[in-house]
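>>> Next one to model:
(one chain, ligands or ions: 1)
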Amino acid sequence: MRDSNFLREQNARHIWHPMAHPAEMQANPPKIITGGKGTRVSDVDGREVLDAVGGLWNVNLGYSADPVKKAIAAQLDQLPYYSAFRGTSTAPAIELAHELADWFAPEGMVRSFFTSGGSDSVETALRLARQFWKVKGQGEKTKFMALKKGYHGTHFGGASANGNANFRRNYEPLMPGFYHMPAPYTYRNPFNETDPARLAQLIIQSFEDEIAFQGADTIAAIIMEPVLGAGGVIVPHESFMPKLRALCDRHDILLIADEVVTGFGRTGSWSGSRLWGVKPDMMCIAKAITSGYFPLGATLIGERIAEAFEADKTTFGAIGHGYTYSAHPVGCAAALAALSETRRLNVADNAGARGLELQAGLKALKEKHEIVGDVRGIGLMAAIELVSDRAAKKPADKKVMGKVSEEAYGAGVMIRVSGPNIILSPPLIFTAAEVEETLAALDKALAAA
Ligand SMILES: Cc1ncc(COP(=O)(O)O)c(C=O)c1O
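Next up, the predicted model:
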């Protein structure tokens, strides 16, 4: 590896980073991560920190899952690539689809369409939703509804579903026909409603109003995250997703659960849909499917959609969509090993238990630090929303957020900041001592800020 000065200079010269201003990246160079062991990563200066971000919500097994590394090496040796386009398939893809149907997906959701990541999985779901209605002879059902604050990746379909202006404005015009309803965000919402159950009902009513206005016969699907992640870890009331499911059933609208973050145990349940007891029509998964060791995603397809496509007598059922790296055999082999470890270690239960400790600690930090406006989370996903004025709920500025992040890193813990939120999404193998370590670093960082 070249020396740190070379890497820093060349990074500034040659790399544009996702979700960053190129000029800012030159003024504030990123940490260059060179190693990972267990739940810790080390940087080019030899500093080791606890990774409370879990890569990017995905490294659920930490950095030392040897069975996954071995499975990747073995598959590279056996067959490094073959395509899943019409005419060919591979053993790892078939085994993975079987595995997902066997224990992860809701009952009857036994078809997988593999992709290369979360944005691809969302794009696939949106396209298949429109195609489904064409197959059914209701091709006028083309519109989508989503939540403000929702995040669905960066392809044009997903970006059009996104509910955060930062991911939209610079790329407009986005796709027409997307409508956004308020998020189940008790800390800030247009109804000034602080009761989560009442807020859930008000939002369902907003959906009802918009559906009546647009016409249910024009709406293909509602897409939502069971727990909103990137938008600031917004945990809805337990009634919210079941009510949304009932609303979809009343109006014959598909429900797409974007489980790119919530899939595979992060909330303390194997999926967000399972957590809320809901069966969506499609599920988008990615990230932790390989624990981040290889890019892979999938869209899982419920039987209603599958049966319509498979019984199709029109010309609409043929899928004109897919990626060169759909069902990449190395990715599928990585996923098979990662999911086997995920189940063996029962990381969902650990996420649930550690999550309770984390939430209790975050509440104590809120009591202690005036700068903390709100704390939220479930399992091992959490947000701390910072404010410069608690009474006015004025969001903390970029400078404060940058300072908190640097101070936490200095105290030995990697955190992520997004807008006024500190986001925590550590590996699901986190221990109670590591939760304590994270809280202690946050305590120092908040005091400094
Ligand atoms: C809920 C959700 N959907 C989709 C995506 C996009 O996934 P990817 O970045 O793998 O394309 C993300 C990424 O964070 C996500 O959180």
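
>>> Tell me which residue is most central in this structure.
Most central residue of the chain, judged by C-alpha distance to the mean C-alpha position with CA atoms, centre = their mean, is Val261 at 2.8 Å.

>>> can you tell me how far the residue lying farthest from the centre of the chain sits from Ile429?
Residue distances from the centre of the chain (CA atoms, centre = their mean) peak at Lys313, which lies 36.1 Å from the mean C-alpha position. For Lys313, the distance to Ile429 under the criterion CB to CB, to the nearest Å works out to 50 Å. In this view, the C-beta of every residue, glycine as well, is placed from N, C-alpha and C.

>>> Up against the ligand, what does the stretch 151-300 of the chain have?
Tyr151, His152, Gly153, Glu225, Gly229, Ala230, Asp258, Val260, Val261, Ala286 (CB under 6 Å from any ligand atom).

>>> Tell me which of those residues fall in helices.
Assignment to helices by DSSP state H places none of these there.

>>> Can you add pLDDT and distance to Arg86 and give those residues back as JSON lines?
As requested, those are exported to JSON lines (pLDDT from 0 to 100; distance: CB to CB, whole Å):
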{"residue": "Tyr151", "pLDDT": "98", "distance to Arg86": "32"}
{"residue": "His152", "pLDDT": "98", "distance to Arg86": "28"}
{"residue": "Gly153", "pLDDT": "98", "distance to Arg86": "26"}
{"residue": "Glu225", "pLDDT": "99", "distance to Arg86": "32"}
{"residue": "Gly229", "pLDDT": "98", "distance to Arg86": "34"}
{"residue": "Ala230", "pLDDT": "98", "distance to Arg86": "35"}
{"residue": "Asp258", "pLDDT": "99", "distance to Arg86": "27"}
{"residue": "Val260", "pLDDT": "98", "distance to Arg86": "27"}
{"residue": "Val261", "pLDDT": "98", "distance to Arg86": "32"}
{"residue": "Ala286", "pLDDT": "98", "distance to Arg86": "23"}
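
>>> and Ala221, how far is that from Gln131?
From Ala221 over to Gln131 the distance is 11 Å, taken as CB to CB.

>>> residue contacts, the closest residue to Ala230 other than its chain neighbours?
The shortest distance from Ala230 to any residue other than its chain neighbours is 3.7 Å, reached at Tyr151 (CB to CB, 6 or more residues apart in numbering). Taking CB atoms under 8 Å, 6 or more residues apart in numbering, we find Tyr151 in contact with Asn162, Gly163, Asn164, Phe167, Glu225, Leu228, Gly229, Ala230, Gly231.

>>> and those residues, which are buried?
When neighbours are counted using 16 or more other CB atoms under 10 Å, the contacts of Tyr151 contain these buried positions: Asn162, Gly163, Asn164, Phe167, Glu225, Leu228, Gly229, Ala230, Gly231.

>>> What lies in contact with stretch 90-102?
For stretch 90-102, contacts defined as CB under 8 Å, 6+ apart pick out 75, 79, 82, 84, 109-112, 114, 298, 300, 327, 329-330, 332-333, 335-336, 339.

>>> now swap in stretch 126-140 and tell me
113, 141-142, 144, 157-158, 161, 217-218, 220-221, 223, 254, 256, 281-282, 299, 301, 305, 308-309, 312, 314, 316-317, 319, 321.

>>> Using ChimeraX, define a selection of the buried residues within the residues you listed.
Isolation of the buried members of these (16+ other CB under 10 Å) is achieved in ChimeraX through the command below:
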select :113,141,142,144,157,158,161,220,221,223,254,256,281,282,299,301,305,308,309,312,316
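
>>> Now, the contacts of stretch 126-140 that are in helices?
Filtering the contacts of stretch 126-140 for helices - DSSP H - leaves Gly157, Gly158, Ala161, Ile305, Ala308, Phe309.

>>> check contacts around the last one.
By CB under 8 Å, 6+ apart, Phe309 lies in contact with Gln131, Phe132, Val135, Gly317, Ile319.

>>> Distance check, it against the ligand.
23 Å (CB to the nearest ligand atom, to the nearest Å).

>>> I'd like to know how far that residue sits from Leu255.
In this structure, Phe309 and Leu255 are 18 Å apart, going by CB to CB.

>>> The fifth one too?
Distance from Ala308 to Leu255, counting by CB to CB: 16 Å.

>>> before we move on, what about Glu123?
Per CB to CB, Glu123 is found 17 Å from Leu255.

>>> ok, now Lys69?
37 Å.

>>> between these two, which one's more packed in?
Leu255 (24 against 14; other CB atoms under 10 Å).

>>> if you count residues, which helix in the chain comes out on top?
helix 347-368.

>>> buried residues in it?
347-348, 350-355, 358-359, 361-362, 365-366.

>>> Quick check: mean pLDDT of stretch 378-392?
Per-residue pLDDT values over stretch 378-392 give a mean of 97.

>>> which residues in the stretch 51-200 of the chain form strands?
For the stretch 51-200 of the chain, applying DSSP state E, counting those that start in this stretch gives strands covering 111-115, 143-147, 178-181.

>>> Starting from the first one, tell me which strands it pairs with and how they run.
Spelled out, that is strand 111-115. The strands beside strand 111-115 in its sheet (DSSP bridges) come out as strand 297-301 (antiparallel).

>>> Please apply the same query to the shortest one.
Within its sheet, and counting by DSSP bridges, strand 178-181 is paired with strand 143-147 (parallel).

>>> Stretch 427-434: which residues count as buried?
For stretch 427-434, a neighbour-count test (16+ other CB under 10 Å) marks Pro427, Leu428, Ile429, Phe430, Glu434 as buried.

>>> Can you pull the phi and psi angles for Arg168?
According to degrees, to the nearest 10, the main-chain angles of Arg168 amount to phi -120, psi -50.

>>> Now do stretch 384-394: everything it contacts.
Counting by CB under 8 Å, 6+ apart, 187-188, 232, 362, 365-366, 370-376, 395-397, 400-401, 404, 420-422, 424, 442, 449 sit against stretch 384-394.

>>> residues contacting the residue nearest to Ala216 when sequence neighbours are not counted?
The shortest distance from Ala216 to any non-neighbouring residue, by CB to CB, 6+ apart, is to His251 (3.9 Å). Taking CB under 8 Å, 6+ apart, we find His251 in contact with Ile211, Ala216, Ile219.

>>> before we move on, the earlier item: reformat the buried residues of stretch 427-434 as JSON lines; add distance to Gly277.
Compiled in JSON lines, those are given as follows (distance: CB to CB, whole Å):
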{"residue": "Pro427", "distance to Gly277": "27"}
{"residue": "Leu428", "distance to Gly277": "21"}
{"residue": "Ile429", "distance to Gly277": "27"}
{"residue": "Phe430", "distance to Gly277": "26"}
{"residue": "Glu434", "distance to Gly277": "30"}
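
>>> Any regions of the stretch 1-150 of the chain where pLDDT drops low?
When residues are selected by pLDDT under 70, none of them lie in the stretch 1-150 of the chain.

>>> Quick one: name the residues of it near the ligand.
By the rule CB under 6 Å from any ligand atom, the part of the stretch 1-150 of the chain lying against the ligand is Gly117, Gly118, Ser119, Val122.
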